[in-house]
Structures are given as structure tokens and as C-alpha cells.
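[1] below are the sequence and a predicted model for it; my questions follow.
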Amino acid sequence: MYLNYLANVGRYIPELLLVVLMVGLILIEATYSNDEKNKKYIFIATCIGLVATLAALIANFSAKGEAIFSNSMIIDPFSTVMKMIMVIGTFGAFYLSSFSKDIYESLKTEFIILAVGVLIGGMILASANNMLMIYLGIETLSILSYVMASLKKNDERSSEAGLKYALYGGVSSGIALFGLSHMFGVLGTIQFAGMAEMITKLDKAQIMILMPSFILFFVGIGYKIASVPFHMWAPDVYEGSPTPVTTFFAVVPKLAGISALVRVTMIFFTVQSPLRVGWIGLMMVMAALTMTVGNVSAINQKSVKRMLAYSSISHAGIMMAGLVLINQIGVRAVVFYGITYVFMTLVAFYITSIVQDKYGNDHFDRFQGLAYRYPFMAVMMTVTMFSLIGLPPLAGFVAKWNIINALLSSRYYSLAIILVLNSAVSAFYYLKIVRLMTLKTQESNETIEGFGFLNQLVVVALTAPVFVLGIFWESVMGLAEGAKIFIK
Amino acid sequence: MSIYYYLSAFLFCLGLLGTIFKKDLISILLCLELMLGGVALLFILFSKATGFLDSQLLVIFMMIISACEVAIGLSLIIALYRKKQTIYTDDIKIITE
């Protein structure tokens, strides 16, 4: 029995590597804190740790999926892909933090330590297979995020952002737990497999209790992905936090929440039941609301970071639309959307952060005439914006098209129409940046130090997948075609 | 059995209403704890009713995590208090539309 338990550790290597990395970083920081070498060691250690994690995940990818640790975690291709995306997002945010001026020099190590911690929480959430692991994942993710949001100690806005995040987070996880307790009361177990089995043999009264408890449970996850009635914290937190932290928040907690939502949807609602109908209805309403409110609120923003916050809310809505289908096609579309979303978000935040470091604020006007000073960067930003709108032949188009196609094939016409209309609305504010960069005359001729050769190279490297995924998407999707994404 | 259910639901609702309507941060944190206390009672109740111990395990984890949450929340309140000399939510709203 105990040996059995340990035998599973082999499948858990990526998470263990991250734990080792986190502890190692703390030790390095404690040993060399007043030393010049500190920064170099931290940088190298983080690079090695994250790359090793990515390699371990790739090794895990082709292996057969299985449930580990007494069925509390599940390692399957879906969770592995989501973890890979999260590691890439962390790497991006980490590199951004290494040259950003938005985080104090002395706190950069703390940022990385906390980011790795949040990543571990996200990984737990991505492969959670019972209610306890979902709860622990959400809380590991959240508690460290609160600290990250208030990383700028001397800035009131940052402290306020952190506090807002903590209070909203505490309340929403309390509500989710209230739902969980009722689920346990009806179903008598916290294991997903057992719960899904019990759901098929309930009577009417029990289903009437279960339906509101699932809605309450959705509050907890909906808050993490900033779905609409629970999105109020997102713009404030995104604006108040340092930019690398915002970049991180836009990628890792959001995708972790999405993957938990996918897991719950695919395990509980594949069988025909009144619960399934209720959940589809909930998802449809939430997805439509999230897309629309996110897009409409983004239009009148002055700060680019705030605009990107609202746009990330609307992207979460689009990913939720893919969940309405509750089948493999929908999940595949959501995963593909997640992959493209990471790269687009990283490029947009990189360029915004570099411009913000120069001028001290991130208003739209700061982008004026960028095309005349840094034509290459302006092109990359334009490509990203086009991809975020969803113009062919870029990755954003394919990702949106996949979801719309899946929706149409299952006859969810209204949701598909709302999605297309939202893309049209989003063009308005994304193209505003493009217009300012190209058509306005430049404010000044100053050089922006952030756009050194190396950083430009990184931005290009991050934009490349947007092209590649847009053109060769068929072969990428083909990889997932035969594989069974989920196991039960 | 049912009286305990009503008690825990009452505690939860009291906490939830408190987090919404209270104006000072310390009270909000206390109400948050009240909410989680109500849920913990509910978990124990259901564990007794169904005869499975899973949820008692969850309660132990919940207690640890809510302690962490309060620690973080209090330290954030102190960080903000140093800047603004107040703990009332109306006075510390800096980020606006």
C-alpha cells in the first residue's frame, strides 16, 4: 500500500522540480543577498529549473494517463499541456521581471519565488481529481497571488490591489466551500469519480439541492478566471500591480482556473441529466456576459494595462464558450485557444511594459509614433493586436474559428453570433493602438532603453508562435486528434 | 441535526452579509472567518450524517488555510495603514476608473 503510493512519485516529477527550485531560490537569496553575484545565480537557477520542468512535462506527455496518489491527482495529456502553457507563461513573466523597472531591484527574487509557488498551485489545480485538491490548488494559487499583487511596498495602489484581491478571494472561496459542503452532503464523497457515479442515480429532490451548490462552486473558479459577475477585482488588481505581476496574473491563474473548469465540466456533465442542462445554461450565460462586458468596458480605457485586463476577461469568456459543448472537440478548441492566448498576451504586455518603464505611465498616448522609432516592435505589436482581434492568417483567428466551428456543429447559433459580434467590437480598441503607433506623429525622438537588441529578439521569438500556430495549426491540432485527452 | 444545519447556514450568511456591508477592514476579516467557521461546521455535520470522514479532513485543511489567509490579510492591512493611517474602506479607495 505505502509502496504503491511512492511508486507514483515518478509521474509527479515536474511539480517536485518546481518545489526544489522554490526552496533553492530561497536558499540562494538568503546566502548571497548582499552580493553582486546574487542576481546572476538567481537568473541561472530559475532558467535551469523552469527548462527542466518543461522537459519533464514533455517526457510525461506521451506516457499513458493515470490517476496518482490514491486518485487525488490525475496526470493526462490535457493537464500536461495546460501545465506546459503555464510554465511558458511563468518563464515569460520571469524574463520580463528581470529587466523591468516596475519591481524594485531588491524584490525581484521574491517575485520569482512567489511566481514559482503560484505555478505549483496552478499545476495542482490542473491535475486535481478530488474536491480537496481543487480547494488546495485554488488557495495555493490565491494566497501567494495576494502577496505578489502588493509587491510594490511603498506604492499605495499596489497595497490596495493586494488587499482587494485578498478580500474578494477569501469571500469567493468561502462561497465555493459552502457549495462543496452541500455537494458532499448529497453525494457522500469528495472523489470526482465517485461523485460522477453518484450523480447518475439521484432523485429529483437531491438534484434540486445539487444545482445551486454547483453554481456556488462555480463562484470559486469563476473568480479566478475573472468571469463576469465576479470580475470586479480584475481591472483594479491588474492596474495596481507591477507590470510583470500583471503579465503573470493574466496567464497562469487564469489558465489554471480554466483547466479546473474543463475538468469539472468533463467529469460531471457528460451524462444526460437535468444537471447537465443547467450547467450548459449557466456556462452559456456566463460566457456571453463575460465576453460582452469585458469588451464593452475595454473601449473607453485610458490605460493600456487596464484595457488589456478587460480584454483578458473577454478572452476568458471565449474560452468558456468552448466549454458549453462538453465534448472532446470543444476541449481541444479551448486548449488551442489557451496556447495562442499565452503568446499574444506575453507580447502585448512586454511592449507595454517597456514603454511604461520609459515614460512612467501606460496611457495610450505613449504609443504615438512608435512605428517611426522602433518599426520592428511596432510591427510585432500590430501583429499581436490583429491576432487578438482574430484576423487571418494569425493564430488568434484559428483559435476563434475552432471554437465558432465547434459551436456551430452543435447548433449553438446564438452563442456563435455573440462571439463574432464581440470580435468586431474588440477591433475598435485593439486597432486604436495600431492607429496611434502608425498614423500619429511621434512625440519625441528619445530612445527607449528597454528595446535593446536582446529584448527585441525575445519579443520576436514570442511573436513567432502567433504566426506559426496560425499557419501550421492543422498539424498542431493533429497531434491531439488521436490522443485521448481525458481519462477517468 | 436540522438545528445545527440552520446554525451553520446562519453563521455563513451572517459572515457573508458582514463582508458586504461592514466598512472597516478588521471587521471584514472577522466576518470572513465567521463564514468559514459556518462552512466548517456544515462539513462536520454532513460527515456525521453521511458517515464518511472525507469532509472532516477537508475541515482540517480549511482551518490551516484560513489562518494563512488572515495572516496575509492582516499584513496587507498594516501595509496600507502605514500609508494612509486608516482602515476604513471608504477612505482608501485610490484606484478608480
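    All right, it came through fine. Keep in mind the model is a prediction, meaning the values are calculated, not measured. Numbering: from 1, shown residues only, chains lettered A, B, ... in the order given.

[2] at which residues are the strands of chain A located?
    Taking DSSP state E to define them, one finds strands in chain A at A:66-68, A:73-75.

[3] show me what the closest residue to residue A:129 other than its chain neighbours is bridged to.
    Leaving aside its sequence neighbours, residue A:129 sits nearest to residue A:74 (CB to CB, 6 or more residues apart in numbering or on different chains; 4.1 Å). Any C-beta I mention is one placed from the backbone N, CA and C, and that applies to glycine too. Residue A:74 has these beta-bridge partners by DSSP bridges: residue A:67.

[4] which intervals of the chain have sub-threshold pLDDT?
    Since no chain was named, I'll use chain A. The model of chain A has pLDDT under 70 over residues A:1-5, A:442-445, A:478-488.

[5] chain B is the one I meant
    Judged by pLDDT under 70, the stretches of chain B that qualify are B:1, B:94-97.

[6] so where's the longest helix in it?
    With secondary structure taken from DSSP state H, chain B has its longest helix at helix B:54-84.

[7] from the centroid of chain B, which residue is nearest?
    When chain B is reduced to its mean C-alpha position, the nearest residue by CA atoms, centre = their mean turns out to be residue B:32, at 1.9 Å.

[8] could you tell me the phi and psi values at the residue nearest to residue B:34 when sequence neighbours are not counted?
    Counting by CB to CB, 6+ apart, residue B:15 is the residue found nearest to residue B:34 once chain neighbours are left out, at 3.6 Å. Dihedral pair for residue B:15: phi -60, psi -40, per degrees, to the nearest 10.

[9] what sits against residue 29?
    Defaulting to chain A. Counting by CB atoms under 8 Å, 6 or more residues apart in numbering or on different chains, residue A:29 touches A:38, A:42, A:109-110, A:113.

[10] switch to chain B, that's the one I care about
    Contact analysis of residue B:29 by CB under 8 Å, 6+ apart lists A:167, A:170, B:70, B:73-74, B:77.

[11] centre of the chain to the helix or strand harbouring it, how far?
    For residue B:29, the enclosing helix or strand under DSSP states H and E is helix B:25-50. Centroid separation for helix B:25-50 versus its chain: 7 Å, with CA atoms, centre = their mean, to the nearest Å.

[12] could you give the angle of that helix to helix B:54-84?
    180 degrees (axes from the mean of the first three to the mean of the last three CA atoms, to 10 degrees).

[13] in helix B:25-50, what's buried?
    B:25, B:28-47, B:50 (16 or more other CB atoms under 10 Å in any protein chain shown).

[14] close to chain B: what parts of chain A are there?
    Contacts of chain A with chain B, taken as CB under 8 Å from any CB of the partner chain, map to A:131-132, A:135-136, A:139, A:143, A:146-147, A:150, A:153, A:156-157, A:159-163, A:166-167, A:169-171, A:174-175, A:177-178, A:180-182, A:184-185, A:188-191, A:236, A:239-240.

[15] only the buried subset of those, as a PyMOL command please.
    To isolate in PyMOL the members of the residues of chain A next to chain B that are buried, counting by 16+ other CB under 10 Å, one can use:
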select buried, chain A and resi 131+132+135+136+139+143+146+147+150+156+157+159+160+161+162+163+166+167+169+170+171+174+175+177+178+180+181+182+184+185+188+189+190+191+236+239+240
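
[16] looking at the residues of chain A next to chain B, which are in helices?
    Using DSSP H, the residues of chain A next to chain B in helices are A:131-132, A:135-136, A:139, A:143, A:146-147, A:156-157, A:159-163, A:166-167, A:169-171, A:174-175, A:177-178, A:180-182, A:184-185, A:236, A:239-240.

[17] how close does the nearest residue in space to residue A:349 that is not next to it in sequence get to residue A:155?
    Spatially, and ignoring its direct neighbours in sequence, residue A:349 is nearest to residue A:247 (4.1 Å; CB to CB, 6+ apart). From residue A:247 over to residue A:155 the distance is 17 Å, taken as CB to CB, to the nearest Å.
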